[in-house]
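> attaching a predicted model along with its sequence, questions to come.
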Amino acid sequence: MRIPSTRPWLSEAELQAVMAALRAGQVTGNGEISHRVQQALQEMTGARHVLLTPSCTAALEMAMMTLEIGPGDEVILPSFTFVSTANCVVLRGARPVFVEIQPDTLNLDPLDLEHHITSRTRAVIPVHYAGVACDMDAILEISRRHGLAVVEDAAQGVDAAYKGRPLGTLGDIGCYSFHGTKNITCGEGGAFLTSNAELAARAEIIHEKGTNRAAFLRGQVDKYTWVSAGSSYVLSDLLAALLEVQLARRAAIKARRKALWEAYHSGLTPLAREGVVTLPVVPSYAEPNYHLFYFRVTDQGRRDALLDALRDEGVGATFHYIPLHSSPFGRKTLGCEQMLPITEQVSRTLVRLPLYPELSLAEAERIVARVQAFFGV
Ligand SMILES: Cc1ncc(COP(=O)(O)O)c(C=O)c1O
């Protein structure tokens, strides 16, 4: 077997769309194609304002700038996440405060969130891990009570929902990723979502290098100029053209992922019944997008041996994350000394299996058989 952990599903339609954009010379950002895609995302999610960005990392940075997070502020987030969730805080000179995850969904634990709120806390960043929603009612209730902004890291949550509402639209700001590893991709890309007019007005300036170019493009000013701090957070129309096709194909993308996710889940259920693996949990409030399939084993020795066994057969099985509080930057620079036992145990015992639309069901079944053989079943 030669199976990567992930691969974008690109068709002739994406190729044609990029060629057409190229032929038309639509290569810079915030052009006609980007505006169409922003509109499509608004219709898909119900968010009133959407800005395309070069990455979710950029959207998270924009979120912190838009909320005017700065030195002396604290922002609460899980330690079990990708580095960008924390970097956006650190880059503002603020302090990331890492909290525990729930052992079933691996999403931010609302009770631990509440324990870590201080007079300096300004915002919380829930991460919808694996495209499964966080417990948003609890997180929003605590955040509102303490006057905190909520920025959803929905990098993995595009086309997934919480109680019927699209992820990325429940908090004050939502951040999407269209990276090549994500369900809907343009290689490198992201989006910033908000329904708050005041935040949107600030964000569109930050998005365009601190200028009022967006107002100029709408014909509201006759010359654009520098009006605040900002950066280069615009996506090229060339990539927006690719993204437009991917968004149109999202139902087919999700259907294939769902079939594979369910094949893994049912194939590994006998091992779960024996207690050798723990399968992912999808709470009734979550409609997932089947972004990742992961499970947990009992200890790190077994996890590492299983990854080796799968890789020996050419299966791109992986694990993540090194908890941010225990990473070199977390320990040496941020001085994180706390213990997050659930996060640490999850990081030591998690296995991710390959999941992408062009993986066949037969390949998924062979991978399940290999996992079963490892456990002697
Ligand atoms: C939870 C999370 N946040 C942020 C990011 C960053 O996304 P991007 O690569 O689009 O910057 C990722 C990407 O893997 C992610 O998984």
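Thanks, I have it.
> burial measure for the residue lying closest to Tyr321 once chain neighbours are set aside, as a count.
Using C-beta to C-beta, 6 or more residues apart in numbering and skipping residues adjacent in sequence, the residue nearest Tyr321 is Phe80, 5.6 Å away. Quick note: C-beta positions are derived from backbone N, CA and C, even for glycine. A count of neighbours around Phe80, defined by other C-beta atoms under 10 Å, yields 28.
> what about Ala272, distance to His320?
In this view, Ala272 and His320 are 21 Å apart by C-beta to C-beta, to the nearest Å.
> wasn't the residue nearest to Tyr321 part of a strand?
No - according to DSSP: H, G, I helix; E, B strand; the rest coil, Phe80 belongs to no strand; its state is coil.
> for it, report the pLDDT, please.
We have a pLDDT of 98 for Phe80.
> kindly report the same for the one 10 residues further on.
The confidence metric pLDDT takes the value 97 at Val90.
> and for the one 4 residues further on?
For Ala94, the model assigns a pLDDT of 97.
> that one: neighbour count?
Ala94: 20 neighbours (other C-beta under 10 Å).
> please verify my assumption that it contacts Ile76.
No - applying C-beta atoms under 8 Å as the test, Ala94 and Ile76 come out as separate, 11.0 Å apart.
> the residue nearest to Tyr321 contacts Ser347, doesn't it?
Yes - assessed by C-beta under 8 Å, Phe80 is found in contact with Ser347 at 6.7 Å.
> worst-scoring helix or strand of the protein, pLDDT-wise?
Every helix and strand of the chain was ranked by mean pLDDT, DSSP states H and E. The lowest is helix 328, at a mean of 91.
> so how far is the ligand from the residue minimising distance to the centre of the chain?
Nearest residue to the geometric centre of the chain (C-alpha atoms, centre = their mean): Ala155, 1.7 Å. Note on Ala155: its distance to the ligand, by C-beta to the nearest ligand atom, to the nearest Å, is 3 Å.
> repeat that for Arg23.
Counting by C-beta to the nearest ligand atom - Arg23 and the ligand are separated by 28 Å.
> also Thr343?
14 Å.
> buried residues of whichever strand or helix holds that residue, list them for me.
Using DSSP states H and E, Thr343 sits within helix 341-349. By neighbour count with 16 or more other C-beta atoms under 10 Å, helix 341-349 contains the buried residues Ile342, Thr343, Glu344, Val346, Ser347, Arg348, Thr349.
> same deal with stretch 271-282?
Residues Leu271, Val276, Val277, Thr278, Leu279, Pro280, Val282 are the ones in stretch 271-282 that count as buried (16+ other C-beta under 10 Å).
> from these, which land in helices?
Cross-referencing the buried residues of stretch 271-282 against helices under DSSP state H gives Leu271.
> which among the buried residues of stretch 271-282 gets closest to the ligand?
Pro280 (15.8 Å; C-beta to the nearest ligand atom).
> is the residue lying closest to the closest one once chain neighbours are set aside in a helix, a strand, or coil?
Excluding its sequence neighbours, the residue lying closest to Pro280 (C-beta to C-beta, 6+ apart) is Tyr294, at 5.9 Å. With three-state DSSP as the basis, Tyr294 sits in strand.
> what's around Tyr294, how many residues?
Residues near Tyr294, counting by other C-beta under 10 Å: 21.
> that one and the ligand: what is the separation?
Distance, Tyr294 to the ligand, using C-beta to the nearest ligand atom: 13 Å.
> what packs against the helix holding Thr343?
Secondary-structure packing of helix 341-349 (3 or more C-beta pairs under 8 Å, 6 or more residues apart in numbering; DSSP states H and E): strand 293-297, helix 300-312.
> deepest in the core, which of those is it.
strand 293-297 (a mean of 22; mean count of other C-beta atoms under 10 Å).
> which residues sit against it?
Residues from elsewhere that reach strand 293-297 (C-beta atoms under 8 Å, 6 or more residues apart in numbering): 130, 260-261, 264-265, 268, 272, 276-280, 303, 306, 346, 349-353, 355.
> show me what whichever strand or helix holds Ile253 packs onto, helices and strands only.
Assessed by DSSP H and E, Ile253 sits inside helix 250-273. Contacts defined by 3+ C-beta pairs under 8 Å, 6+ apart place helix 250-273 against strand 277-278, strand 293-297, helix 361-374.
> now the first one: mean pLDDT?
Put plainly, it is strand 277-278. On average, strand 277-278 scores 98.
> neighbouring strands of that strand in the sheet, and parallel or not?
strand 293-297 (antiparallel) (DSSP bridges).
> now the strand it pairs with, how far from the centre of its chain.
18 Å (C-alpha atoms, centre = their mean, to the nearest Å).
> same question for stretch 78-98.
That offset, for stretch 78-98, works out to 14 Å (C-alpha atoms, centre = their mean).
> in that stretch, which residues are buried?
78-82, 84-90, 92, 94-98.
> three-state assignment of the residue located most distally from the centre of the chain?
When distances are taken from the C-alpha mean of the chain, Asp222 lies farthest, 37.9 Å away, according to C-alpha atoms, centre = their mean. Under three-state DSSP, the three-state class of Asp222 is coil.
> assign a three-state SS to the residue nearest to it when sequence neighbours are not counted, would you?
Once flanking residues are discounted, Asp222 sits nearest to Phe216: 7.6 Å by C-beta to C-beta, 6+ apart. Here Phe216 is recorded as helix under three-state DSSP.
> do Arg7 as well
Under three-state DSSP, Arg7 comes out as coil.
> no further questions, thank you.
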